[in-house]
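In: Sequence below, structure please.
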Amino acid sequence: MTTTTDTTTAAETTNGAVGHVTRVIGPVVEVEFAGEQMPGIYNALETEVELPEEAGGNRLLAFEVEQHIGGNVVKAMGGASAMAAS
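Out: Numbering: from 1, shown residues only. Predicted coordinates:
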C-alpha cells in the first residue's frame, strides 16, 4: 500500500542547503529547493519528523537524491529502516 501525504517539513542537505518536503509517497519524498541550492544526485538529505513520545519521539530520517524532476524539485528515497522508524 502506498500513502501520499502533502507536507511542508524542512529537509537539509549535508552542505546546509534547506528545502521543503512537498510530497511523500511511501519511501520517496519530493523536496523543493531554491535554484542555487539544488543538491546533486546521490547527495544525502536529512529531516526530523516529530512523533509523540509514545511512538518513540522525534526521528531523524535520511534520504538520497535520486532525480532532479524540474521546478527546483528533487526526488529522494529513504531506506526501509528509516521509513519503518516513522
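In: partner strands of the host helix or strand of residue 64, parallel or antiparallel?
Out: Assigning secondary structure by DSSP states H and E places residue 64 in strand 59-70. Partners of strand 59-70 in the sheet, by DSSP bridges, are strand 44-49 (antiparallel), strand 73-78 (antiparallel).
In: Just name the most buried of these.
Out: Each of the strands paired with strand 59-70 was given a mean neighbour count from mean count of other CB atoms under 10 Å, and the largest, a mean of 20, is that of strand 73-78. C-betas here are computed from N, CA, C, even on glycine.
In: could you give the mean pLDDT of that strand?
Out: In this model, strand 73-78 has a mean pLDDT of 95.
In: Next: stretch 32-50.
Out: Mean pLDDT, taken over the full extent of stretch 32-50, equals 89.
In: oh, and call the first residue 15 from now on, that's how I've got it
Out: Understood, numbering begins at 15; the last thing we discussed is stretch 46-64.
In: most remote residue from this protein's center?
Out: Within the chain, residue 68 marks the point farthest from the mean C-alpha position, 23.2 Å out by CA atoms, centre = their mean.
In: Burial check on the residue nearest to residue 88 when sequence neighbours are not counted, number of neighbours?
Out: Distance criterion CB to CB, 6 or more residues apart in numbering; nearest residue to residue 88, sequence neighbours excluded, is residue 79 at 4.9 Å. As a burial measure, the neighbour count of residue 79 was computed by other CB atoms under 10 Å and equals 20.
In: Correct me if wrong: residue 79 contacts residue 53.
Out: Yes - judged on CB atoms under 8 Å, residue 79 makes contact with residue 53 at a distance of 5.2 Å.
In: tell me, what's touching these two both at once?
Out: By the contact definition CB atoms under 8 Å, 6 or more residues apart in numbering, residue 79 and residue 53 are jointly contacted by 59, 88.
In: Return the distance of the residue nearest to residue 88 relative to residue 72.
Out: If you measure residue 79 against residue 72 using CB to CB, to the nearest Å, the figure is 23 Å.
In: swap in residue 81?
Out: Relative to residue 72, residue 81 is positioned 28 Å away (CB to CB).
In: would the residue farthest from the centre of the chain count as being in a strand?
Out: No - the assignment for residue 68 by DSSP: H, G, I helix; E, B strand; the rest coil gives helix, which leaves it out of any strand.
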